[in-house]
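Peer 1: any chance you can model this:
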Amino acid sequence: MKKNIAIIMGGYSNEYKISLKSGSVVKASLDRNKYNTYSIHIFKDKWVYVDDELNESPIDRNDFSILIDGKKIKFDCVFNAIHGSPGEDGLMQSYFELLAIPHTSCKMYQAALTFNKRDLLATLRPYGIKTAANYCLNLGDAINEEAIIDKVGLPCFVKANKAGSSFGITKVYKKEKLQQAINTAFKEDDQIIIESFLDGVEVSVGVITYKGKVTVLPITEIVSENDFFDYAAKYEGKSQEITPARISADYARKVSKEAQHIYEILQLTGFSRSEFIFKDNEPYLLEVNTVPGLTKESILPQQAAAAGISLGELFENALDEAMAN
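Peer 2: Model prediction:
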């Protein structure tokens with residue numbers, strides 16, 4: 001009997017357009033002989049099922065069901081393709097866990113932790129995970145530019161603490177530009193993190209649970225045409241994403257071990273994609289994404305392809321793992 005699969009996409013952040021693309025790729029890739037797939041759009045003002053003719057039907061949030069032609073449809077599993085809030089910060093995870101509906105992302109606590117760069121890095125440092133020096137601010141805090149520069153140096157990166165896809169990020173070279181960068185980041189989030197610049201090779205490492213085993217995917221090297229791996233570099237073709245990465249066997253071993261270690265420390269499930277920069281021959285962690293992009297241009301699908309895993313196999317495995325647990 002075919003399983004009913006809800007593919008949630010959209011979300012409350014600026015990443016909603018990317019999420020809609022990811023969700024569409026998931027729907028197109030899943031085997032229709034095995035699954036009945038339903039595109040579910042989650043926005044602040046509406047949760048709706050959108051059919052192939054773009055007709056909308058409301059979601060009953062009491063049990064996450066839909067009504068089609070008078071028939072109530074419940075879901076065997078949810079495929080989470082929402083980047084940012086509420087799909088990557090623990091909100092949807094906690095909702096589905098309360099309803100006892102399997103979902104493809106990690107659990108609520110892990111999602112909330114990994115989405116918060118400041119808290120994630122603070123959690124991992126005692127385990128020996130190397131990170132850039134950072135300085136954190138909450139909206140309304142007094143801003144001491146001298147103290148910030150003393151801590152992180154110049155150039156530095158000013159980032160929204162809880163935002164993905166490089167929204168709200170600025171590379172700052174001069175003290176005079178620091179306040180403007182802080183203002184930009186605060187437009188995206190009420191918490192920001194300011195990090196020292198790490199000059200080295202940047203790589204992205206996907207880790208998934210595949211057929212019951214934690215699996216590190218082939219590493220991707222990031223070569224941005226822009227000053228750093230910003231939104232345009234990620235989604236508008238302004239970067240080279242080279243898989244497998246052109247790094248030494250020693251570098252590959254170190255960063256693969258570190259990415260798997262992080263996945264296991266945090267007790268993650270489902271997809272993860274960790275970003276690192278090499279400094280002094282060691283990988284320094286930048287962030288961990290638990291609902292990474294799933295479009296054909298996205299890094300994790302590229303890595304899966306290099307490992308001989310098709311999109312259909314990647315997504316079906318995620319559903320199998322979720323329903324098995």
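Peer 1: and the strands in the stretch 201-325 of the chain?
Peer 2: Per DSSP state E, counting those that start in this stretch, the stretch 201-325 of the chain carries strands over the ranges 202-210, 213-216, 220-224, 239-242, 272-279, 282-289.
Peer 1: what mean pLDDT does stretch 147-162 have?
Peer 2: Mean pLDDT, computed over stretch 147-162, is 96.
Peer 1: start and end of it, how far apart?
Peer 2: Terminal residues of stretch 147-162 are spaced 23 Å apart (C-alpha to C-alpha, to the nearest Å).
Peer 1: state the phi and psi torsions of Ser22.
Peer 2: When read as degrees, to the nearest 10, the backbone of Ser22 gives phi -60, psi -50.
Peer 1: that one contacts Ser298, doesn't it?
Peer 2: Yes. The pair Ser22 / Ser298 is scored as a contact, 7.2 Å apart, by C-beta atoms under 8 Å. Where C-beta positions appear, they are placed from N, C-alpha and C, glycine not excepted.
Peer 1: the two: which is more packed in?
Peer 2: Ranked by neighbour count (other C-beta atoms under 10 Å), Ser22 and Ser298 place Ser22 first, with 26 against 21.
Peer 1: before we move on, the earlier item: of the strands of the stretch 201-325 of the chain, which stretch is the most buried?
Peer 2: Of these, the one with the most neighbours on average (mean count of other C-beta atoms under 10 Å) is strand 202-210, at a mean of 25.
Peer 1: parallel or antiparallel, list what pairs with that one.
Peer 2: strand 213-216 (antiparallel), strand 220-224 (antiparallel), strand 272-279 (antiparallel) (DSSP bridges).
Peer 1: any idea which of those scores lowest on pLDDT?
Peer 2: In terms of average pLDDT, strand 220-224 trails the rest of these, at a mean of 92.
Peer 1: what's next to that one, contact-wise?
Peer 2: For strand 220-224, contacts defined as C-beta atoms under 8 Å, 6 or more residues apart in numbering pick out 201-206, 229-230, 233, 238-247, 275, 299, 302-303.
Peer 1: Leu154: what's its closest spatial neighbour, skipping adjacent residues?
Peer 2: Take Leu154 and drop its neighbours on the chain: the residue closest to it by C-beta to C-beta, 6 or more residues apart in numbering is Tyr173, 6.2 Å away.
Peer 1: rewinding a little: what's the closest of the strands of the stretch 201-325 of the chain to Lys151?
Peer 2: Of all the strands of the stretch 201-325 of the chain, strand 282-289 sits nearest to Lys151, with 16.1 Å by C-beta to C-beta.
Peer 1: output the closest one as CSV, nothing but the C-alphas.
Peer 2: Below are the C-alpha coordinates for strand 282-289, written out as CSV (Å, rounded to 0.1, in the frame of the first residue of the first chain):
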residue,chain,number,x,y,z
GLU,A,282,43.1,22.1,10.7
PRO,A,283,39.4,22.4,9.9
TYR,A,284,37.5,25.2,11.7
LEU,A,285,33.7,24.8,11.9
LEU,A,286,31.6,27.6,10.6
GLU,A,287,28.1,26.2,10.9
VAL,A,288,25.9,23.1,10.7
ASN,A,289,22.7,23.0,8.5
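Peer 1: that strand to strand 202-210, inter-axis angle?
Peer 2: 60 degrees (axes from the mean of the first three to the mean of the last three C-alpha atoms, to 10 degrees).
Peer 1: what helices and strands are in contact with strand 282-289?
Peer 2: Applying 3 or more C-beta pairs under 8 Å, 6 or more residues apart in numbering; DSSP states H and E, we find strand 282-289 packed against helix 108-115, helix 117-124, helix 249-265, strand 272-279.
Peer 1: closest one to Ile101 among the strands paired with strand 202-210?
Peer 2: Nearest of those to Ile101, taken as C-beta to C-beta: strand 272-279 at 21.2 Å.
Peer 1: I figured Phe79 hits Ile5, correct?
Peer 2: Yes. Contact criterion C-beta under 8 Å: Phe79 and Ile5 qualify, at 5.9 Å.
Peer 1: who touches both of the two?
Peer 2: Shared contacts of Phe79 and Ile5, defined by C-beta under 8 Å, 6+ apart, comprise Leu319.
Peer 1: could you find the closest non-adjacent residue to Asp250?
Peer 2: Asn281 (7.9 Å).
Peer 1: pLDDT at the one you found, what is it?
Peer 2: What the model reports as pLDDT for Asn281 is 96.
Peer 1: hmm, back to that, looking at the strands of the stretch 201-325 of the chain, which is closest to Asp45?
Peer 2: Using C-beta to C-beta as the measure, strand 282-289 is the one of those that comes nearest Asp45, at 26.1 Å.
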